[in-house]
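Engineer: from the sequence below, what's the structure:
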Amino acid sequence: MMELKTDASIDAMHAAGQVVGRALTAVRQAAGVGVSLLELDEVAREVLREAGATSPFLGYRPSFAPTPFPAVICASVNDAIVHGIPTAYRLRDGDLLSVDCGALLDGWAGDSALSFVVGRPDPADLRLIETAERALTAGIEAAVAGNRIGDIAHAVGRTCRRAGYGIPSGFGGHGIGRHMHEDPEVPNEGRPARGILLRPGMVLAIEPMLIASGKNAYYEAEDGWTLRTSDGSRAAHAEHTVAITENGPRILTSRQPTY
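Structural biologist: Now for the predicted structure:
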């Protein structure tokens, strides 16, 4: 069931989203060659603690998962698309890292993700990440009252495909509110003017996932969580929580730029 949020509820979700934004900014600033994924998870945990927030990721166990998720961030390196479990792995020069983070604050959730390169970047990785961000922007721009879910999906998918990248089928964005995952599903590819009508008060997590080779195939790693590209090519992930308002889309998980 889809809940339309009031202006006050959207403001509360913005507060949760800002905690997520601060956590992602802190993780990106802490990431570097030799830093472990577990250390980055602890950075995000500290931001949540200081804000009085909890994690919707920690202990989360959907039907497909063999075990509860053990961390507050997903840390997906190189060929990992999403849902990477933070481990003792230490980042190496040129690694492409995608970080997904959520927060629960005063009963409301926020969810966001970004990708970046540690150390010296390969230009191909920068193009992949830049396209993920452009696809996210296109999806957000389509998230206006009177459009439909298919308009968001089409905007995201068209940006990815025109750049020559693959899209893992069956994974995309979702509604969000009192829980991290709510109705409706927000695909990363679809036909315009199809699907659920977008109305003020809807809040969506829009999250493009791109595969560098242009292929769509992936597999589930032995940990039962991490999704990896079948051909070993690199992947990127970008996400924001976005409210549909009468004045246009409102990004609830905005963050300060890092340089």
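Engineer: strands along the chain, start to end?
Structural biologist: In the chain, the strands defined using DSSP state E lie at 73-77, 80-82, 96-105, 108-117, 173-175, 182-186, 203-206, 209-211, 218-220, 227-229, 235-237, 240-245, 248-251.
Engineer: tell me the mean pLDDT over the second one?
Structural biologist: Averaged over strand 80-82, pLDDT sits at 98.
Engineer: with the fifth one instead?
Structural biologist: For strand 173-175, the per-residue pLDDT values average out at 98.
Engineer: contacts for it, please.
Structural biologist: Contact partners of strand 173-175, identified using C-beta atoms under 8 Å, 6 or more residues apart in numbering, comprise 2, 139, 152, 181-188, 202-207, 239. In this view, the C-beta of every residue, glycine as well, is placed from N, C-alpha and C.
Engineer: could you name the stretch from the strands of the chain that's closest to residue 166?
Structural biologist: Evaluated with C-beta to C-beta, the strands of the chain place strand 209-211 nearest to residue 166, the distance being 3.5 Å.
Engineer: mean confidence for that closest one?
Structural biologist: 98.
Engineer: what about that strand, distance to the chain center?
Structural biologist: Offset of strand 209-211 from its chain centre (C-alpha atoms, centre = their mean, to the nearest Å): 11 Å.
Engineer: just to revisit the earlier point, redo the strands of the chain as a markdown table? Include mean neighbour count and distance to residue 10.
Structural biologist: What follows is those, written out as a markdown table (neighbours: other C-beta atoms under 10 Å; distance: least, C-beta to C-beta, whole Å):
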| stretch | mean neighbour count | distance to residue 10 |
| --- | --- | --- |
| strand 73-77 | 25 | 24 |
| strand 80-82 | 22 | 26 |
| strand 96-105 | 26 | 13 |
| strand 108-117 | 25 | 9 |
| strand 173-175 | 22 | 13 |
| strand 182-186 | 17 | 14 |
| strand 203-206 | 27 | 7 |
| strand 209-211 | 27 | 26 |
| strand 218-220 | 15 | 34 |
| strand 227-229 | 21 | 31 |
| strand 235-237 | 29 | 24 |
| strand 240-245 | 25 | 5 |
| strand 248-251 | 18 | 7 |
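Engineer: need these in CSV (columns: distance to residue 44).
Structural biologist: Output for these, formatted as CSV (distance: least, C-beta to C-beta, whole Å):
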stretch, distance to residue 44
strand 73-77, 5
strand 80-82, 16
strand 96-105, 6
strand 108-117, 12
strand 173-175, 21
strand 182-186, 23
strand 203-206, 17
strand 209-211, 20
strand 218-220, 24
strand 227-229, 20
strand 235-237, 16
strand 240-245, 16
strand 248-251, 20
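Engineer: distance between the ends of stretch 179-194?
Structural biologist: 25 Å (C-alpha to C-alpha, to the nearest Å).
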